[in-house]
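Chemist: Okay, structure incoming, though there's no sequence with it:
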């Protein structure tokens, strides 16, 4: 009950209303993650209470910026933010890209155990992935320039790339390749954590929508 209340309070703080049953699935995902983490070392966060703000709420904080009908989460790791977003938006077609075999195995089990028909797992390097997606998410696994060099081909012409960062580094922003532009830098407050969080929203330079 304590975890459920913490999640409910956090969602209220984010002003998010989720579909019926979504909160239960989010907690089931958290328990599955904690269980697999003992053997697979999926996250450095061990305490389930800490996982609520640092994983679930942190992922869901970007939900208002997700656009379109398809999303790819690159370097998905333990499925963050892709799985929480897929649970929150069951009509969204979500692809999780993860090259590490153990992590991809966990992702496939999570999709099966949580009954997420809108999620596909691809065990492949980002550079070798194919497709065109309305939203691309990446959780601070590299610099903006490297992210875009490896996965920029996955962004649809009018799509948005959401880079989840602790802060907006001006040198990183200055290094964004010419074919992309920074559409917005959004400071995000995640309930239950004092950590700095921002979402750097990128678009193709030829796109002027939004």
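Modeler: Thanks, I have it. Nothing here was measured: the structure is a model prediction, and the numbers come from that model.

Chemist: what about the chain, any weak spots by pLDDT?
Modeler: 1, 140-141, 208-210 (pLDDT under 70).

Chemist: And the strands in it?
Modeler: All strands of the chain, identified by DSSP state E, fall at 70-74, 93-97, 119-122, 133-138, 155-165, 180-187, 198-204.

Chemist: any chance of these in CSV, plus mean neighbour count and distance to residue 84?
Modeler: All C-beta spots, glycine's among them, are computed from the backbone N, C-alpha and C. CSV is the format used below for these (neighbours: other C-beta atoms under 10 Å; distance: least, C-beta to C-beta, whole Å):
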stretch, mean neighbour count, distance to residue 84
strand 70-74, 26, 10
strand 93-97, 25, 10
strand 119-122, 22, 11
strand 133-138, 24, 11
strand 155-165, 21, 12
strand 180-187, 16, 18
strand 198-204, 21, 15
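
Chemist: Same list (those strands) but as a markdown table, adding distance to residue 40.
Modeler: Conversion of the strands of the chain to a markdown table gives the following (distance: least, C-beta to C-beta, whole Å):
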| stretch | distance to residue 40 |
| --- | --- |
| strand 70-74 | 18 |
| strand 93-97 | 15 |
| strand 119-122 | 15 |
| strand 133-138 | 21 |
| strand 155-165 | 22 |
| strand 180-187 | 32 |
| strand 198-204 | 28 |
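
Chemist: Figure out which of those strands is closest to residue 6.
Modeler: Shortest separation from residue 6 across those is recorded for strand 155-165, at 20.7 Å, computed as C-beta to C-beta.

Chemist: So which residue is dead centre in this structure?
Modeler: The residue at the geometric middle of the chain, judged as the C-alpha nearest the mean C-alpha position with C-alpha atoms, centre = their mean, is residue 81 (2.2 Å).

Chemist: got a list of what it touches?
Modeler: For residue 81, the set of contacting residues under the criterion of C-beta atoms under 8 Å, 6 or more residues apart in numbering consists of 58-60, 62, 73, 137, 139, 164.

Chemist: swap in residue 177?
Modeler: Contacts here follow C-beta under 8 Å, 6+ apart; on that basis residue 177 touches 145, 148-149, 152.

Chemist: Just read off the phi/psi values of it.
Modeler: Dihedral pair for residue 177: phi -60, psi 150, per degrees, to the nearest 10.

Chemist: now stretch 18-35, how far from the centre of its chain.
Modeler: 15 Å (C-alpha atoms, centre = their mean, to the nearest Å).

Chemist: Buried residues in it, which are they?
Modeler: Of the residues in stretch 18-35, those scored as buried under the neighbour-count criterion (16 or more other C-beta atoms under 10 Å) are 18, 22-23, 25-27, 29-30, 32-34.

Chemist: Other residues contacting that stretch?
Modeler: In this structure, residues lying in contact with stretch 18-35 by C-beta under 8 Å, 6+ apart are 3-4, 7-8, 11, 42-43, 46, 48, 51-52, 55-56, 78-79, 83-84, 87-88, 90, 106, 109-110, 113-114.
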